[in-house]
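A.B. asks: sharing a model prediction with you, sequence too.
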Amino acid sequence: MEFSKSLKKVLLLELLIPMLLLVLGVYIGLIQVLARAGVIRGDTVWSLKYFEGLTLHGVVNAIVVTTFFAVAFGNAVMVYYLKNKIRMTWVWVSFWVMLVGTLLAAWAIVSGNATVLYTFYAPLMAHPLFYIGVALLVVGSWIAFFNWIPMYLRFRKEHPEQKTPLAVVGTLANFVIWFIATVPVAYEVLVILLPWSLGYVSEINVMLTRVLFWFFGHPLVYFWLLPAYIMYYAFLPKLVGGKIYSDFAARLVFFLFLIFSIPVGLHHQFAEPSINPNLKLLHAVFTFGVALPSLITAFSVAASLEMGAHLRGHKGLMSWVYRQPYFDKNNYLFAYLIVGLLIFIVGGATGMLNASYSLNNLMHNTGFLPGHFHLTVAGPVILAIFGMTIYMYSHITGKEVKFKSLNVAVPYIWALGLTFFSSGLMVGGLMGEPRRTNLGISYTNPDSPLFHSDWQITTAITAIGGTIMFIAALSYFTVLIATMASKSGGSVAFSFPTSEAYHDEKNISLVKNFTPWIVVAIVIILIAYVPTIREALENTAGGALPYLPTNPVPITP
Ligand code: HAS
């Protein structure tokens, strides 16, 4: 289908602005690994302090890029599959609100006024404009979501017998999760942190801010992941000549995420005081629930890959593993998606280790954590974003992708780097190497009394991995920029590579409507969070004073 000029314009902005920011995010990532390994020693590199850089790296890569992409991809999915007109005014309002929010937050971080890391809970305090900026970014994404709801309802009214397209179900499920998860964090930011940062109140309940943050913080990771899952189900089978194994199972997966991705936040707080251990155990149990849709996905997508290989004439039990278009330059999206999936096998397994209540003691706040989450957010998530950004760009503009061989190599180079990077962090983490620490000026500095020789080798492996990832990212940006600089081949119709289902079950009512799933989600959230919030309120005496990361003495108002 042909997108309107205005829609094309906004989609390109929503895809390319975050890519521009990602150049900065990736560069800071390189500085971080070099600083941890002691290759760079000092607190400041090119006028950015270590923790300012870490904040910028996390906020840009994990919050800004992912949110812009989810909105851009969602806009395209809604228009393409529902074949309904989208209200462009609101598409533009959503874009501008997100952009202004991003710029405000970025200013606060770069000017050194918001060194609060991407988990911006208390007691670290940021400039009010950081909180306002984050709130605007979220509100902008809500506007996009609210703009899709009438399109969906119109589709349901006009096509009562038809199934809602799978990619639409995935997108709406994702934004329902996002909306439910962001309401408490909006409360935290606007009602607790902002007045505190403006100086209207001097003390706040730190534990409450952390509970509200993690209410949002874990579903946040599925908000990053679900666009990739939409691609695994709706597009990947088509890319290998296969089919979605079961349409019902695919829909069920998105609805299971809806009910299980929120009531799990305490698995980030196993080590924190104030909350009853039984509640932590309850969240740990729900965390194993949220692994279920991913386990279903592992088998379903593997079945699609197997079917694809067999339909293309490859025989044998294991031919599906090696007879895939891994290096097909014209099928580069497959390379980005399959590499993400392979990485996620380890990313998911390490998540299950973290979730195990007692094992968590071993890795919490160590390098194991960034090791785990780079195998998720810097694995399936960013590779899907990379692949789909270039796919959408070339299909919207009609430009052919340049440097095709380099393009198809990017995910493999990235995966090689990530293997070193995450292995170094995880092995180091198991030996106690802390996360979020400028190790180069302390533990990996032979001149420091804190020197810890065990961590020299692991940080060096991490640095090698980070450098390879940086090279992969540069290669990706080269492909993207060269494609942007090339001439358009004229206007082309936009299309997503949409898969058919092998088991195309009839419109089963269990996975037809969102309402029952939303009700169940709310009930489970209440079970998991009402007692948790009560604990946070009751077990915190008084309030805590604000701190800056550079000073152990509280800031006195
Ligand atoms: Fe996590 C911490 C547990 C998934 C991201 N996680 C984090 C943090 C981030 C993050 C950013 O329980 C750090 C937060 C911070 O800064 O403190 N995580 C889990 C669990 C899962 C999980 C149980 N995490 C993710 C995803 C993320 C992400 C997804 C981003 C996108 N995580 C934790 C816990 C902590 C945590 C604790 C806190 C620890 C602490 O102490 O602070 C599960 O959802 C994982 C389920 C996944 C699977 C894998 C399925 C495999 C698939 C691939 C199949 C491959 C195929 C290819 C088909 C079970 C789908 C085959 C092809 C061939 C050719 C063979």
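C.D. replies: That came in fine, so what should we check first? Numbering: from 1, shown residues only.

A.B. asks: quick one: neighbours of Thr44, just the number.
C.D. replies: By the other C-beta atoms under 10 Å criterion, the neighbourhood of Thr44 contains 10 residues. Glycine gets a C-beta too; all of them are placed from N, C-alpha and C.

A.B. asks: per-residue pLDDT, it?
C.D. replies: Thr44 is assigned 86 on the pLDDT scale.

A.B. asks: quick check: it vs the ligand, distance?
C.D. replies: Here Thr44 is placed at a distance of 23 Å from the ligand (C-beta to the nearest ligand atom, to the nearest Å).

A.B. asks: excluding its backbone neighbours, what's nearest that residue?
C.D. replies: Counting by C-beta to C-beta, 6 or more residues apart in numbering, Thr44 lies nearest to Tyr50, which is 7.6 Å off, once chain neighbours are set aside.

A.B. asks: that neighbour against Arg36, yeah?
C.D. replies: No - judged on C-beta atoms under 8 Å, Tyr50 makes no contact with Arg36 at a distance of 9.5 Å.

A.B. asks: now Phe3. Its backbone dihedrals?
C.D. replies: Dihedral pair for Phe3: phi -80, psi 150, per degrees, to the nearest 10.

A.B. asks: measure stretch 255-269 end to end?
C.D. replies: Between the opening and closing residues of stretch 255-269 lies a distance of 26 Å (C-alpha to C-alpha, to the nearest Å).

A.B. asks: tell me the contacts of the closest residue to Phe120 other than its chain neighbours?
C.D. replies: Across the structure, with C-beta to C-beta, 6+ apart as the measure, the residue nearest Phe120 apart from its sequence neighbours is Ala126 (6.2 Å). For Ala126, the contacting residues are 108, 113-116, 120, 193, 197, by C-beta atoms under 8 Å, 6 or more residues apart in numbering.

A.B. asks: picking up where we left off before, so what sits against both of Tyr50 and Arg36?
C.D. replies: Asn438.

A.B. asks: and these two? Which one has more around it.
C.D. replies: For Tyr50 versus Arg36, neighbours defined as other C-beta under 10 Å are more numerous around Arg36 (32 against 24).

A.B. asks: my guess is the more buried one contacts Thr459. True?
C.D. replies: Yes - proximity of Arg36 to Thr459 meets the contact threshold set by C-beta under 8 Å, at 4.9 Å.

A.B. asks: what do the two both touch?
C.D. replies: Both Arg36 and Thr459 are in contact with 439, 444, where contact means C-beta under 8 Å, 6+ apart.

A.B. asks: please pull out the lowest mean pLDDT helix or strand from the protein.
C.D. replies: The element with the least model confidence among the helices and strands of the chain, by mean pLDDT, DSSP states H and E, is strand 44-45, at a mean of 82.

A.B. asks: sheet-wise, list the partners of the helix or strand following that one with their directions.
C.D. replies: For strand 44-45, the succeeding helix or strand toward the C-terminus, using DSSP states H and E, is strand 48-49. Each strand that strand 48-49 pairs with, and the sense of that pairing, follows from DSSP bridges: strand 44-45 (antiparallel).

A.B. asks: so what's the gap between the strand it pairs with and the chain middle?
C.D. replies: With C-alpha atoms, centre = their mean, to the nearest Å as the basis, strand 44-45 stands 27 Å off its chain's centre.

A.B. asks: swap in stretch 411-424?
C.D. replies: Its chain's average C-alpha position is 18 Å from that of stretch 411-424, according to C-alpha atoms, centre = their mean.

A.B. asks: may I see the buried residues of the host helix or strand of Leu15?
C.D. replies: Element membership for Leu15, per DSSP H and E: helix 5-37. For helix 5-37, the buried set under the neighbour-count rule, 16 or more other C-beta atoms under 10 Å, comprises 7-19, 21-22, 24-37.

A.B. asks: stretch 92-101 too?
C.D. replies: Burial within stretch 92-101, assessed by neighbour count using 16+ other C-beta under 10 Å, is assigned to 92-95, 97-99, 101.

A.B. asks: list of residues touching that stretch?
C.D. replies: 6, 10, 13-14, 17, 67-68, 71, 132-141, 143-144, 147.

A.B. asks: which residues touch the residue in the stretch 301-450 of the chain that the ligand sits nearest to?
C.D. replies: Among the residues of the stretch 301-450 of the chain, Gly348 lies nearest to the ligand; the distance is 2.2 Å by C-beta to the nearest ligand atom. Residues counted as contacts of Gly348 (C-beta under 8 Å, 6+ apart) are 291, 294, 298, 376.

A.B. asks: then stretch 204-214 to PDB, C-alphas only?
C.D. replies: The C-alpha trace of stretch 204-214 is given here as PDB (Å, rounded to 0.1, in the frame of the first residue of the first chain):
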ATOM      1  CA  ILE A 204      10.100  11.500  50.300                       C
ATOM      2  CA  ASN A 205       9.500   7.700  50.700                       C
ATOM      3  CA  VAL A 206      12.400   6.200  48.800                       C
ATOM      4  CA  MET A 207      11.200   2.700  49.000                       C
ATOM      5  CA  LEU A 208       7.800   3.700  47.500                       C
ATOM      6  CA  THR A 209       9.600   5.400  44.600                       C
ATOM      7  CA  ARG A 210      11.600   2.200  44.000                       C
ATOM      8  CA  VAL A 211       8.500   0.000  44.100                       C
ATOM      9  CA  LEU A 212       6.700   2.300  41.700                       C
ATOM     10  CA  PHE A 213       9.700   2.400  39.400                       C
ATOM     11  CA  TRP A 214      10.000  -1.400  39.200                       C
END
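
A.B. asks: quick one: the helices in the stretch 251-400 of the chain?
C.D. replies: Ranges of helices in the stretch 251-400 of the chain, per DSSP state H, counting those that start in this stretch, are 277-311, 319-322, 332-355, 360-363, 368-374, 382-397.

A.B. asks: for Pro150, see how far away Trp92 is.
C.D. replies: With the distance defined as C-beta to C-beta, to the nearest Å, Trp92 ends up 17 Å from Pro150.

A.B. asks: on that earlier part again, now tabulate the helices of the stretch 251-400 of the chain in CSV and tack on mean pLDDT.
C.D. replies: As requested, the helices of the stretch 251-400 of the chain are arranged in CSV below (pLDDT from 0 to 100):
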stretch, mean pLDDT
helix 277-311, 96
helix 319-322, 94
helix 332-355, 97
helix 360-363, 94
helix 368-374, 98
helix 382-397, 97
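
A.B. asks: export those to TSV and append columns for distance to Ile471.
C.D. replies: Compiled in TSV, the helices of the stretch 251-400 of the chain are given as follows (distance: least, C-beta to C-beta, whole Å):
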stretch	distance to Ile471
helix 277-311	29
helix 319-322	26
helix 332-355	16
helix 360-363	29
helix 368-374	16
helix 382-397	14
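
A.B. asks: and Gly417, which of those helices is closest to it?
C.D. replies: For the helices of the stretch 251-400 of the chain, distance to Gly417 was read as C-beta to C-beta. The smallest value, 10.0 Å, belongs to helix 368-374.

A.B. asks: great, nothing more from me.
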